[in-house]
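Trainee: for reference, the sequence and a predicted model appear below.
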Amino acid sequence: MMGRAYAGVLGPLACTLVLCRGAISGGGVEATLLVACGAMFGFAAVGFVAGQLAESFIAEGVRQKFLTALEQQRQSSTGAAVK
């Protein structure tokens with residue numbers, strides 16, 4: 001889910017920046033559009049990978065905290081039952 005969100009932000013952002021650069025520098029329309037499309041797809045791919053990695057890191061961190069809390073709860077309930 002985060003991969004798609006990052007790709008959806010970074011791709012159009014890169015395209016817009018390249019189009020603005022082309023408009024300011026007075027570059028040719030065809031060349032500017034070609035570079036803008038390449039930047040959009042390239043940065044969308046990078047954004048997708050970065051988002052997927054971020055999502056997996058976050059999910060793993062939450063899972064580890066949950067398992068740690070669950071184990072602490074089990075130990076405290078076992079310790080209370082033994083006394």
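Mentor: Perfect, I can see it now.

Trainee: the top helix by length along the chain: how far from the chain's middle?
Mentor: As assigned by DSSP state H, the longest helix anywhere in the chain is helix 29-82. How far helix 29-82 lies from its chain's middle: 8 Å, per CA atoms, centre = their mean, to the nearest Å.

Trainee: show me the contacts for A39.
Mentor: Residues in contact with A39 (CB atoms under 8 Å, 6 or more residues apart in numbering) are 14-15, 17-18. C-betas here are computed from N, CA, C, even on glycine.

Trainee: with neighbour count as added columns, please give those residues in CSV.
Mentor: Below are the contacts of A39 laid out as CSV (neighbours: other CB atoms under 10 Å):
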residue, neighbour count
A14, 22
C15, 20
L17, 14
V18, 21
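
Trainee: now the residues you listed in TSV, with distance to A36, secondary structure and pLDDT?
Mentor: Shown next, in TSV, are these (distance: CB to CB, whole Å; DSSP: H, G, I helix; E, B strand; the rest coil; pLDDT from 0 to 100):
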residue	distance to A36	secondary structure	pLDDT
A14	8	helix	97
C15	5	helix	97
L17	9	helix	97
V18	4	helix	97
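
Trainee: nearest to Q72, of these?
Mentor: Nearest to Q72 among the contacts of A39, counting by CB to CB, is A14 at 45.6 Å.

Trainee: next one: M40 from I24, what distance?
Mentor: The spacing between M40 and I24, counted by CB to CB, to the nearest Å, is 18 Å.

Trainee: so between those two, which is more surrounded?
Mentor: Using other CB atoms under 10 Å, the more surrounded residue of M40 and I24 is M40, with 21 against 8.

Trainee: identify the residues contacting the most centrally placed residue in the chain.
Mentor: Closest to where the C-alpha atoms of the chain average out (CA atoms, centre = their mean) is G51, at 1.8 Å. If you count contacts by CB under 8 Å, 6+ apart, G51 has them with 2-7.

Trainee: now swap in G47 and tell me
Mentor: Contact analysis of G47 by CB under 8 Å, 6+ apart lists 3, 6-11.
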